[in-house]
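[1] Sequence first, then the predicted structure:
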Amino acid sequence: MRSKIRHQVQKSRLFAAVLAGVVLSGGLAAPALARTARVPAAAQDATDEQLRCLLDGVVKPPVPGAILTVTGPGRSFDGAAGVYELGGRPLRPSDAFRAASVTKTMTAAVALQLAERGDLRLDAPIGTYLDRKLVARIPYGSRITVRQLLDHTAGLYDYVGDEKWFQYVLDHPDKTWKPLELVDWALRSGKPYFAPAKGYHYSDTGYVLAGLVIEKAARKPLHQVYRSMLLRPLKMDRTYLEHPEAPRGPRAHNYLGERDTYDFNPTFDTFGGGGLVSTGADLNRFMRGLFEGKVFKRPATLRTMVRSTPQSVKAGSPYGLGIARLTATGDAAYGHSGFFGAFQVYVPKKRVAVTGSLTQSEMVTKKQNSRFIESALRLAVGRPPADLCESR
């Protein structure tokens, strides 16, 4: 496995890689909220049965469990299948899970909220907010902007894509990481992929720096920023930033192959680019709130967030500020996935949100994740796969 880590980790962190069977589209149009008809009760019952079939079908080795929440006009589904941990009780829809890179969308959202109120400038150099000595150590540090951290065009070497770092985490699961230690690893281990704005390359390093920028701009710790600006207003009561905040209920065991990562010290992935623990229902609240006017004061802010950069479109992975764009069954959708199996998607035309998690790492279940999410999206927008249950 070790020889494949660099490639697999990098790809599994991108939403485009998870939805391998979905055609991605990088147009610059903003999402339009449409009025959609309510779903008749009989159709809702049939869809619920198919979603249950989908859940039951995905839970087989190496996937211990799956959670799925779907909401839209006249439709609501909240289900789970499999087990909380191997050999343990059944998994419940209310069980939380590690969201990993799904956190990036929320990090970008609070940065944009700070920009709306004038506390942060997206196109300001990162040196406006970060320590001068740190910026001096970063290649092209004086030229990198906050926006480039959020849309992955800064060119920063990604420590998560470094095989030695990943192996170190596996060998030292109890280590407590500080954000600057993660940045230091990146600066020691690799060169920039390109000069700022000259390309697109997914980078958790950039999101660690973005977290530091947000703390400086907001004048409070990152977990308090999430809580005051997103979690409390949207009533995401089961969501919390792991390590600085106490658990808020049962958290399902997430697996990396046969290895249970439940007791891994979460600080290897808990600052800006990951770290939130959430539920399917809470992620659903977030995506609906984001696209239905409950997060930003101005519609233009959402348009800024979802607009894919030309660099990411050229790279074949349309990405805006903390969020990817895809076209599922002909309808534009936006979302993100996480290393431990979490995902969140919103289809503006249908006003449908699809969220949840498999409790197995994307490194191990790339094909299962792709098929599961695509099938859930098809069901949610009324275009179910013809062979859904038969293919099991």
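    All right, it came through fine.

[2] how about Ser370, phi and psi?
    Torsion angles at Ser370 (phi, psi; degrees, to the nearest 10) stand at phi -60, psi -50.

[3] Counting neighbours, what do you get for it?
    18 (other CB atoms under 10 Å). Using the backbone N, CA and C atoms, a C-beta is placed for each residue, glycine as well.

[4] repeat for Lys297
    10.

[5] and the gap between it and Glu116?
    Look at Lys297 and Glu116: by CB to CB, to the nearest Å, they are 5 Å apart.

[6] buried set for the longest helix along the chain?
    Secondary structure of the chain per DSSP state H: the longest helix is helix 41-58. For helix 41-58, a neighbour-count test (16 or more other CB atoms under 10 Å) marks 47-48, 50-51, 53-55, 57-58 as buried.

[7] Would you check that my belief about His201 contacting Gln148 is correct?
    No - with contact defined as CB atoms under 8 Å, His201 does not count as touching Gln148 (11.1 Å).

[8] Settle it for me: which of those two has more neighbours?
    Counted by other CB under 10 Å, His201 and Gln148 do not tie: Gln148 has more neighbours, with 25 against 21.

[9] what's near enough to touch the more buried one?
    Counting by CB atoms under 8 Å, 6 or more residues apart in numbering, Gln148 touches 154, 196-197, 206.

[10] quick one: which of those has the most company?
    Going by other CB under 10 Å, Ala154 tops these with 33 neighbours.

[11] Could you find the closest non-adjacent residue to that residue?
    Distances taken as CB to CB, 6 or more residues apart in numbering put Gln148 closest to Ala154, at 4.0 Å, once the chain neighbours are dropped.

[12] roughly how far apart are the one you found and Phe271?
    Counting by CB to CB, the gap from Gln148 to Phe271 is 18 Å.

[13] quick one on the thing from earlier: need the three-state assignment for the residue nearest to Ala154.
    helix (DSSP: H, G, I helix; E, B strand; the rest coil).

[14] Show the pLDDT at it.
    For Gln148, the pLDDT comes out at 98.

[15] can you check Asp151 too?
    So, for Asp151, pLDDT stands at 98.

[16] quick revisit: tell me which of the contacts of Gln148 is nearest to Ser94?
    Ranked by distance to Ser94 (CB to CB), these are led by Gly206 at 33.3 Å.

[17] which stretch of helix or strand covers that closest one?
    helix 204-218 (DSSP states H and E).

[18] Touching that helix from outside, list them.
    So helix 204-218 is in contact with 13, 101, 104, 107-108, 110-111, 114, 119-120, 126, 129-130, 138, 146, 148-150, 152, 154, 156-160, 179, 182-183, 186, 221-222, 224-225, 269, 271-274, going by CB under 8 Å, 6+ apart.

[19] So which of these belong to strands?
    Assigned to strands by DSSP state E, none of the contacts of helix 204-218 qualify.

[20] Kindly supply the PyMOL command isolating those of those that are buried.
    The PyMOL selection below is limited to those of the contacts of helix 204-218 classed as buried (16+ other CB under 10 Å):
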select buried, resi 13+101+104+107+108+110+111+114+120+126+129+130+138+146+148+149+150+152+154+156+157+158+159+160+179+182+183+186+222+225+269+271+272+273+274
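
[21] how far away is the residue nearest to the spatial centre of the chain from Glu362?
    Taking CA atoms, centre = their mean, the centroid of the chain lies closest to Val102, which sits 1.6 Å from it. Val102 sits 12 Å away from Glu362, going by CB to CB.

[22] who touches both of these two?
    Joint contacts of Val102 and Glu362 (CB under 8 Å, 6+ apart) are 337-338.

[23] any idea of the mean pLDDT in the longest helix of the chain?
    Here the average pLDDT along helix 41-58 is 84.

[24] can you check stretch 250-267 too?
    Here the average pLDDT along stretch 250-267 is 96.

[25] Which residues does that stretch contact?
    Taking CB under 8 Å, 6+ apart as the rule, stretch 250-267 contacts 1, 62, 64-65, 67, 84-86, 88, 91-92, 94-98, 169-170, 173-178, 242-243, 275, 277, 340-341, 357, 359-361, 363-364.

[26] how far is it from where the chain is centred?
    17 Å (CA atoms, centre = their mean, to the nearest Å).

[27] Find residues that contact each of His201 and Gln148.
    Going by CB under 8 Å, 6+ apart, no residue sits against His201 while also sitting against Gln148.

[28] Mind listing what's buried along stretch 116-135?
    116, 120, 122, 125-127, 129-130, 134-135.

[29] which two in those residues are spaced the farthest apart?
    The widest separation within the buried residues of stretch 116-135 (CB to CB) is 26.5 Å, between Glu116 and Leu134.

[30] need the helix or strand of the chain with the lowest average pLDDT.
    Taking mean pLDDT, DSSP states H and E as the measure, the chain has helix 15-18 as its least confident helix or strand, at a mean of 39.

[31] Identify the residues contacting the residue nearest to the centre of the chain.
    276, 278, 283, 336-338, 342-344.

[32] Below-threshold pLDDT in this structure: ranges please.
    Within the chain, the segments meeting pLDDT under 70 span 1-44, 328-329, 386-392.

[33] how about 50 then?
    1-37, 391-392 (pLDDT under 50).

[34] So which residues of the protein form helices?
    According to DSSP H, the helices that the chain contains are 5-12, 15-18, 41-58, 103-116, 132-137, 146-150, 163-171, 179-189, 204-218, 222-226, 280-291, 299-306, 310-314, 366-380.

[35] Which strands and helices lie in contact with the last one?
    This means helix 366-380. The elements that helix 366-380 packs onto, with contact taken as 3 or more CB pairs under 8 Å, 6 or more residues apart in numbering; DSSP states H and E, are helix 5-12, helix 15-18, helix 41-58, strand 65-72, strand 324-328, strand 331-337, strand 342-347, strand 352-358.

[36] Can you name every helix or strand that the longest one contacts?
    Going back to what we said before, that points to helix 41-58. strand 65-72, strand 75-82, helix 366-380.

[37] can you list the ones you listed in CSV and add distance to Thr309?
    Below are the helices and strands packed on helix 41-58 laid out as CSV (distance: least, CB to CB, whole Å):
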stretch, distance to Thr309
strand 65-72, 29
strand 75-82, 33
helix 366-380, 23
